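J.: coordinates only, sequence not included:
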């Protein structure tokens, strides 16, 4: 599935939740289910420092696709990371560079991605994009 | 019980009567900024609608009217802190600019290589970084007085750090993170006896406690208007007249000069020497009205009522939230509570409370060294004002219980 199809799928998924409580419970569960980042990757080089919660991001590549895994010390942040990884990971650098992330706004959680929320999410997206740019520069 | 009826004062604050995320707003972020009563909002609006012109140099009626309003506000501030002279009140953009002004001007005049500046472990970044910058500029050293685990300053250690090298001590009156009310008078006496100049950061005290700079006998005192029901972008620094006279200006420009030639400029008298450029006239006028408003309620009433809220909230939190840990348990405390619950991240708790219309602050509260001292990334902070109610505290408690259910 391409990036936008996954985004649409998530938006669809979230229409099921009528109130904020169910929505946040779902996000928190996604965070809890996210594969633990190996401690060897939970290091300072991978740290995307937010003012409040922190994000660790590890990147790999396989057959021209970029793969991301990440973790956070806050559960809501972690849940949103799970969604971002579902959308962005396992795509080509070009697809990632061109990706416009609209799903977070559409599911009503845009405020968590605004840079002033200082939870590291905005910086994480920026870092993923930078990684894609760097990867494409090296391979072209 | 006090004479303050929070339900009556709440009516003066338009912003409090709205829903946030579908729930009635509970505003417990007063430590970051207080809300504004209608009289202050109207004063700013009326000023721009009817009285705006540039101050001090105009011969026309509007300019004179604006100047009168501006200088009237200075007189109100003079009385508010009980300064000797109105020219001891310098308008700045807020506490941060006040400290930067002081660090520059006092630094140029009094600080030399090898000197020491003494602060405490509980300072806000605003009362750390300008001093670090000054130390770097002058080759001076920053000394830090430690605190105890309960959030009180180690006064003996503070006194021991005072030496012949200590040219200046700068410390917070009330900690924005721990709520600790420092024994400022005792500290100031020790500094005065040592010949050390003293600056008090009053950002968190001005809205809650009566300030009397003559009784305190400090050299400098600063606070922001926006935490005191006034507009943003306005604050003051009080400075002893003889010291302000000796200190060089902070910024150059209009308003602060007497005469200018390309060879030599002479500076204006106090306080204008420190107020370069067109000032925040609307902010000053708004702050003056905020001071009237606060005086009308009475700072002693405010202090008493807020203490009631603090005691109530502390008791409710301890009784109803298992695993709560309160940071800052000083005997003398202002009306804010910093806490963590079990291993829950403050961000998660704060974001969930926000969904319930409850505004608290989470994070390190611009006191990273203090957070490192406790070995925590941040806290959840609820800070109360005289317009808050016990009913709202109950809402926070049930909000926290709900949040914990979701997170567990």
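T.: Perfect, thanks for sending it. Computed from a predicted model, the values in this text were never measured in an experiment.

J.: list the helices and strands the host helix or strand of residue A:59 packs on?
T.: Using DSSP states H and E, the element containing residue A:59 is strand A:55-62. Packing partners of strand A:55-62 (3 or more Cβ pairs under 8 Å, 6 or more residues apart in numbering or on different chains; DSSP states H and E): strand A:47-48, strand A:65-72, helix A:121-138. The C-beta positions use only the backbone N, C-alpha and C, and glycine is treated the same way.

J.: Could you look up the SS state of the most centrally placed residue in chain A?
T.: Closest to where the C-alpha atoms of chain A average out (Cα atoms, centre = their mean) is residue A:84, at 2.6 Å. Three-state assignment for residue A:84 (DSSP: H, G, I helix; E, B strand; the rest coil): helix.

J.: now the one 3 residues further on
T.: Assigned by three-state DSSP, the conformation of residue A:87 is helix.

J.: wait, doesn't it sit right on residue A:6?
T.: Yes: counting by Cβ atoms under 8 Å, residue A:6 is a contact partner of residue A:87 at 5.0 Å.

J.: The two - which one has more neighbours?
T.: residue A:87 (22 against 18; other Cβ atoms under 10 Å in any protein chain shown).

J.: where does the more buried one land on pLDDT?
T.: For residue A:87, the pLDDT comes out at 95.

J.: gap between it and residue B:182?
T.: According to Cβ to Cβ, to the nearest Å, residue A:87 and residue B:182 sit 50 Å apart.

J.: Next: residue B:146.
T.: In terms of Cβ to Cβ, residue B:146 sits 13 Å off from residue B:182.

J.: which residues do the two both contact?
T.: residue B:120 (Cβ atoms under 8 Å, 6 or more residues apart in numbering or on different chains).

J.: Compare those two and say which is more crowded by neighbours.
T.: residue B:182 (24 against 13).

J.: That one: what's it in contact with?
T.: When contacts are counted by Cβ under 8 Å, 6+ apart, residue B:182 touches B:120, B:153, B:171, B:172, B:173, B:174, B:175.

J.: can you do 10 Å?
T.: Residue B:182 makes contact with B:120, B:122, B:147, B:152-153, B:155, B:158, B:171-175, B:200-201, B:205, B:330, B:332, according to Cβ atoms under 10 Å, 6 or more residues apart in numbering or on different chains.

J.: what does residue A:119 give?
T.: Shown in contact with residue A:119 (Cβ under 10 Å, 6+ apart): A:48, A:50-55, A:72-74, A:76-77, A:80-81, A:112-113, B:345, B:347-348, B:351, B:362-363.

J.: how about the residues of the stretch 201-350 of chain B near chain A?
T.: B:343, B:344, B:345, B:346, B:347, B:348, B:349, B:350 (Cβ under 10 Å from any Cβ of the partner chain).

J.: Now, these that are in strands?
T.: When these are checked against strands (DSSP state E), there are no matches.

J.: just the buried members of those?
T.: B:344, B:345, B:346, B:347, B:348, B:349, B:350 (16 or more other Cβ atoms under 10 Å in any protein chain shown).

J.: do you know how far residue B:152 is from chain A?
T.: For residue B:152, the distance to chain A equals 27 Å [Cβ to the nearest Cβ, to the nearest Å].

J.: Filter the contacts of residue B:182 down to just the ones in helices.
T.: B:155, B:158 (DSSP state H).

J.: The contacts of residue B:182 in strands, which ones?
T.: Using DSSP E, those in strands are B:120, B:171, B:172, B:200, B:201.

J.: My guess is residue A:21 contacts residue B:406. True?
T.: Yes: between residue A:21 and residue B:406 there is a contact under Cβ atoms under 10 Å: 6.9 Å.

J.: Touching both of these two, which residues are there?
T.: Jointly contacting residue A:21 and residue B:406 under the rule Cβ under 10 Å, 6+ apart are B:352, B:355.

J.: more neighbours, the two?
T.: More crowded of residue A:21 and residue B:406, by other Cβ under 10 Å: residue B:406, with 19 against 15.

J.: tell me which parts of chain A are close to chain B?
T.: Neighbours of chain B within chain A, by Cβ under 10 Å from any Cβ: A:19-25, A:27-29, A:31-32, A:50-54, A:72-79, A:109, A:111-112, A:117-120.

J.: Tell me where chain A is predicted with low confidence.
T.: Counting by pLDDT under 70, chain A contains low-confidence ranges at A:51, A:114-118.

J.: hmm, back to that, biggest separation within the ones in strands among the contacts of residue B:182, which pair?
T.: Greatest spacing in those, by Cβ to Cβ: B:120 and B:200 (11.5 Å).

J.: Sweet, I'm off.
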